[in-house]
Structure formats: structure tokens, C-alpha cells
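**Q** with the sequence up front, the predicted model follows.
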Amino acid sequence: MKTDYGTLSQTINGLKEEGYTLDFNIQEDCLVCHHSNTELSPDDFEIDAVFRFEGESNPDDEEILYAISSTKNNVKGLLVNGYGISNDATSAALVQKLNTHS
């Protein structure tokens, strides 16, 4: 895995070529991929890499891209999220796992 692919979209495309094909979203106490009906609790996945991006015109437009894998579920995917994951609807265990690797 490379450490720098360029822009956010270039990094997403590069990681997809490396097998990170699922698109994960945060849902309360787990990560979900609606396309494949995959749910991963914090104990079910590892964060393989973290990439940070800042907006060109607005420094507040910051995002983190997580490359995530699960040997238990035999899946690899991506999670794009803004800095400061601390949503009240998100479980403490999930926030802690994501923030540990930020």
C-alpha cells in the first residue's frame, strides 16, 4: 500500500485497485456497507491505513479516509469521514477505535 496517492479521489481509486472495494458508513455501534449488507463491530475490523485531506479553499473542509479490513468477514473497504468523529449516535467503542488511528 502506498503512503501517498494524491487527492482524496485518487487515493480512493488507488485503494479500490488494491482490493478496498466496500464503502463503509458509521451507524451507531458499527460500520456498515449497505451494498453488501456487511456490519462490522469495533472488534471485527482493523484500520490498515489513515489518510488526511484538507480542503483547498476552506481549511474546515477536512476529511479522513480509513482503509479498513476484516479477516473475520473477509472484506476490505473504505470509510470517509470528517475530522473529530464524536457523534452522539455513535458508540464510544467505535469512536475510540477510529480516533486511535487518526
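**A** Perfect, I can see it now. Residues are numbered from 1 along each chain as shown.
**Q** surely residue 65 meets residue 13?
**A** No: in terms of CB atoms under 8 Å, residue 65 does not count as a neighbour of residue 13; the distance is 11.4 Å. (Each C-beta comes from the backbone N, C-alpha and C, glycine too.)
**Q** these two - which one has more neighbours?
**A** Using other CB atoms under 10 Å as the criterion, residue 65 and residue 13 rank with residue 65 on top: 19 against 12.
**Q** list the beta-bridge partners for the more buried one.
**A** Counting by DSSP bridges, residue 65 forms beta bridges with residue 51, residue 80.
**Q** list the contacts for it?
**A** 8, 11-12, 15, 50-53, 78-80 (CB atoms under 8 Å, 6 or more residues apart in numbering).
**Q** list the buried residues for stretch 6-20?
**A** Across stretch 6-20, burial judged by 16 or more other CB atoms under 10 Å covers 8, 11-12, 14-15, 20.
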